[in-house]
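*Asks:* Build me a structure from this.
(chains A, B, C, D, E and F)
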Number of protein chains: 4
Amino acid sequence: MRFKDPQKEKQKSNLSRSALRRQRDREHRYQTILRAAEALISTDGYHSASIEQIADKAEVSVGTVYFYFKNKEDLLVQLLDEIGYQLRSILGREFRKEDSSMAGIRNAGRVFFEEFCRLHPGRVAIIFRESVGQGVRVEEHRKQIFHKLIGDVRKALTRIGEAQDIEYQSRLSAEVMAVSIMGTSERIAYHYLIWQNRPHDLETIGPDVIDFIVGGINNLCQNNSREGNEP
Amino acid sequence: MRFKDPQKEKQKSNLSRSALRRQRDREHRYQTILRAAEALISTDGYHSASIEQIADKAEVSVGTVYFYFKNKEDLLVQLLDEIGYQLRSILGREFRKEDSSMAGIRNAGRVFFEEFCRLHPGRVAIIFRESVGQGVRVEEHRKQIFHKLIGDVRKALTRIGEAQDIEYQSRLSAEVMAVSIMGTSERIAYHYLIWQNRPHDLETIGPDVIDFIVGGINNLCQNNSREGNEP
Amino acid sequence: MRFKDPQKEKQKSNLSRSALRRQRDREHRYQTILRAAEALISTDGYHSASIEQIADKAEVSVGTVYFYFKNKEDLLVQLLDEIGYQLRSILGREFRKEDSSMAGIRNAGRVFFEEFCRLHPGRVAIIFRESVGQGVRVEEHRKQIFHKLIGDVRKALTRIGEAQDIEYQSRLSAEVMAVSIMGTSERIAYHYLIWQNRPHDLETIGPDVIDFIVGGINNLCQNNSREGNEP
Amino acid sequence: MRFKDPQKEKQKSNLSRSALRRQRDREHRYQTILRAAEALISTDGYHSASIEQIADKAEVSVGTVYFYFKNKEDLLVQLLDEIGYQLRSILGREFRKEDSSMAGIRNAGRVFFEEFCRLHPGRVAIIFRESVGQGVRVEEHRKQIFHKLIGDVRKALTRIGEAQDIEYQSRLSAEVMAVSIMGTSERIAYHYLIWQNRPHDLETIGPDVIDFIVGGINNLCQNNSREGNEP
DNA sequence: GATGAATGAGGCTTCATTCAT
DNA sequence: CATGAATGAAGCCTCATTCAT
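*Replies:* I've put the predicted structure just below:
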């Protein structure tokens, strides 16, 4: 949780009971507002969701929204950061579990669809739709978040490569694969969840997508690949 | 060229010289405005680019913009349609040339990066960034355009499958692959062109991406794929 | 008259009749708004006078105000410039008429009270009250205007000094006198016009003030002054 | 010290020790807040200085500010009163020392520049800039303060006149001179301290200004003045 | 057809003030 | 008394859109 003026947070560990309670209330209000913003932005769109509507939905006044968030953009950025953090947590967990085999990638793919997309379609809409094309500051945040996610995937791929003594086609290959994996997952989620609203189909589609990704990776792992493997 | 109000286009084939000239002028103005919009929207963003700025850049008045386009949204939609049309043309050409082999996919990928992304980075920004998250009507158009592109790719994949007597893992597989291919291409372009501004790197990255895609397709073509092909 | 985008003004001298008329309309609207602002600001105060009120009084929409003026501050700044220009014109005329004698100063004082203060009490309120304490940008303009006015007076004093072969007490004396004259005139106007609302009394007070000023000047002209002239 | 609600000041002369201490604390807090307000208002301006900033600077809470001051305006008014009181004290002292000769005026001028302006430039900014144009209630206070100051000067002038058997040009002359003296001093301070930030120059300028003022007074004291004294 | 001035709804944001703890 | 979170009125400003000339 980040406040407008984080420097004001009392660092004293021996907070009085009422101070503790106040802090809890603060956290609670912050969350309430953020949840209201998430709901409205993901359904109505970033521009259509006015601060007043968000305040109404959160049952607070407009001023209170501005007490917790610098401005409307900040609301979106906090949401974005939260979603980015969640994604990295989920994926990181899988990567760590099965460190240097393709199973880590497979599992990460599975949880992306099952635990993130299916359970949080609103967040899919925010990170893949509403935060796009909203000006430089938001874009900069998006870029950082994707940068980190791609970095995570790239590191996982590199580890797999090292563990299995595979050489990638080029210096950039690991990164290119990571970016490709992101793109594939993103558009699949967007297509079947947002555009076609078929969340249940993700069950059958997910495995296909993962196979696609795994096949892609394998194909980039063999340096005899470029011409030899046409059917 | 589509006008705001389906104009009473003179159907007489024997148009007078001045009428012909007027029609040419019209077409020219329409293009001028659309080009100005393309330039401004791709650099400044859809919201930051005001109608007045677009009019100024096109050296026409605000009223003239509204003569040729219903509203601001329409400007973006026309741009989107144009870009979608261009993409389908380029890719369709490649698909048609090498009808039922993976080479068609490979070539389509190549021209996507070389002839579309490298030559028209502004259009990449518009179709993949500025037209996202701009309300329902624009989104509907985006959806249709992607639907068609995905359909094209799916058909190409199906034809390859049929020609080579391959069975896909599931009924949806061809579509899933098409969507995956779109996603991969899109994010690679976005990442290296828009975020990292390394257009020259696309030369080395492109082939890698295509290998990734081809590998993904191959892996989904074999029904023994899911467990047998880990490195 | 200064517009928001002065660069757009067509420089062609052969303006069509309708273009000329449009220009006249523009000028007229600009004046209407400025006059409304002058009236409201001088009576209600800069902060109390809202843009909406000004627009209402000028019988235009809020948008129109912003078509002619960049923002609220700009409205005040334009007003200030106008008043500054008027003052310099009135005083400059008197200085030029009687170039190098104290009569120039006397006449300038007279017209300041008779032609400026008495006829335009609202402008007195704006330049001496409402434009004070309104932030750095307005203050900067005020400073420039006073700088010019003081410069005009200083030059007049210097010319008188040269013509009559007088030596001032110190290098700065002419400037100090000019500033003093400004201060005296300003507060007299403020006191009797704004605070005491006795415009008619300016008739009798004016001459007294002018005598005060003239006495002050004379006293600074003689280098034997500092100790010799106590009553 | 004046409180918001005329507090139920304990009238018992035998205040308990803790009550005394509480009173001291109160006075101290009041001063701390007023000093914070003085500093912020004189540098940032009355409008830019928010209550929260003032509270922060004074290291108290916003609520505490409102315990000691009715509202923001009151903060400015108290400051104004304090400054007005200081000025009258300083000047009154000089007037009393040399009661009925021009030396009193001279000394008052000197201490105004040396003891008030030079030592308290922030207060100069507040009384001559930040309290101007801030609405009717503040203006009313300013008027009262200036009224008293002018009254003091007028009385001093009258006393001088009586002592030396001088007749002023008109019934209003003493007041007019007093107002003129105020204006001169005010703008000189404003010009050289606030606009030009040359506090050290006041040393040389001060005497010049005082000579100007003395000359002005003398010139209004002789009824043969109006036409006879041109150089 | 072209122009560009005029419109005004709508949104964001600020900040003085209050009041429950 | 002190706190500081909450309030919400109020104001500024933008900009897509219209329409008389």
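*Asks:* contacts, neighbours, all on C-alpha from now
*Replies:* Fine.
*Asks:* how deep is the residue lying closest to A:L149 once chain neighbours are set aside tucked in, by neighbour count?
*Replies:* Of all residues not flanking A:L149 in the chain, A:R88 sits nearest, at 6.3 Å (Cα to Cα, 6 or more residues apart in numbering or on different chains). The number of residues packed around A:R88, counting by other Cα atoms under 10 Å in any protein chain shown, is 19.
*Asks:* how much space between A:R88 and chain D?
*Replies:* 38 Å (Cα to the nearest Cα, to the nearest Å).
*Asks:* ok, that residue to chain C distance?
*Replies:* As it turns out, when the distance is counted by Cα to the nearest Cα, A:R88 lies 46 Å from chain C.
*Asks:* which secondary structure element contains that residue?
*Replies:* Applying DSSP states H and E as the criterion places A:R88 in helix A:72-97.
*Asks:* and what of A:N197?
*Replies:* A:N197 is located outside every helix and strand, with elements delineated by DSSP H and E.
*Asks:* Could you pull up the contacting residues of it?
*Replies:* Residues in contact with A:N197 (Cα atoms under 8 Å, 6 or more residues apart in numbering or on different chains): none are found.
*Asks:* Can you pull out the low-pLDDT segments for chain A?
*Replies:* When residues are selected by pLDDT under 70, those of chain A lie in A:1-16, A:222-231.
*Asks:* center of chain A - which residue?
*Replies:* A:G84 (3.6 Å; Cα atoms, centre = their mean).
*Asks:* what about the helices in chain A?
*Replies:* A:17-44, A:51-58, A:62-68, A:72-97, A:102-111, A:121-125, A:136-163, A:173-189, A:202-221, A:225-228 (DSSP state H).
*Asks:* Tell me which of the ones you listed is the most buried.
*Replies:* Mean neighbour counts were compared across these using mean count of other Cα atoms under 10 Å in any protein chain shown; the top stretch is helix A:173-189, at a mean of 25.
*Asks:* what angle sits between it and helix A:136-163?
*Replies:* Between the direction of helix A:173-189 and that of helix A:136-163, the angle (axes from the mean of the first three to the mean of the last three Cα atoms, to 10 degrees) works out to 120 degrees.
*Asks:* mind checking how far helix A:173-189 is from the chain centre?
*Replies:* 13 Å (Cα atoms, centre = their mean, to the nearest Å).
*Asks:* Same question for stretch A:163-173.
*Replies:* Per Cα atoms, centre = their mean, the displacement of stretch A:163-173 from the mean C-alpha position of its chain is 27 Å.
*Asks:* got the CA coordinates for that stretch in PDB?
*Replies:* The C-alpha atoms that make up stretch A:163-173 are tabulated as PDB, following Å, rounded to 0.1, in the frame of the first residue of the first chain:
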ATOM      1  CA  ALA A 163      20.500 -27.100 -16.900                       C
ATOM      2  CA  GLN A 164      19.900 -29.100 -20.100                       C
ATOM      3  CA  ASP A 165      23.000 -27.800 -21.900                       C
ATOM      4  CA  ILE A 166      21.000 -26.300 -24.700                       C
ATOM      5  CA  GLU A 167      22.300 -23.500 -26.900                       C
ATOM      6  CA  TYR A 168      19.900 -20.900 -28.100                       C
ATOM      7  CA  GLN A 169      20.000 -19.800 -31.700                       C
ATOM      8  CA  SER A 170      21.100 -16.300 -30.900                       C
ATOM      9  CA  ARG A 171      22.100 -14.100 -28.000                       C
ATOM     10  CA  LEU A 172      18.700 -12.500 -27.900                       C
ATOM     11  CA  SER A 173      16.800 -15.800 -28.200                       C
END
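*Asks:* can you tell me if it touches chain B.
*Replies:* Yes: for stretch A:163-173, a contact with chain B is found by Cα under 8 Å from any Cα of the partner chain, at A:164, A:169, A:172-173.
*Asks:* if we can go back for a sec, what helices and strands are in contact with the helix holding A:R88?
*Replies:* Applying 3 or more Cα pairs under 8 Å, 6 or more residues apart in numbering or on different chains; DSSP states H and E, we find helix A:72-97 packed against helix A:17-44, helix A:102-111, helix A:136-163.
*Asks:* any residue of it up close to DNA strand E?
*Replies:* Yes: with Cα under 7 Å from any atom of the strand as the measure, helix A:72-97 is seen reaching DNA strand E through A:72-73.
*Asks:* Tell me, domain by domain, which residues of chain A belong where.
*Replies:* Taking automatic domain parsing as the reference, chain A has its domains at A:16-69, A:72-231.
*Asks:* could I get the ones you listed as TSV with distance to D:I126?
*Replies:* What follows is those, written out as TSV (distance: least, Cα to Cα, whole Å):
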stretch	distance to D:I126
domain A:16-69	31
domain A:72-231	36
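*Asks:* Can you tell me how far the closest residue in space to A:I145 that isn't next to it in sequence is from DNA strand E?
*Replies:* In space, A:I145 comes closest to A:G84 once its chain neighbours are excluded; the distance is 5.8 Å by Cα to Cα, 6+ apart. Distance, A:G84 to DNA strand E, by Cα to the nearest atom of the strand, to the nearest Å: 22 Å.
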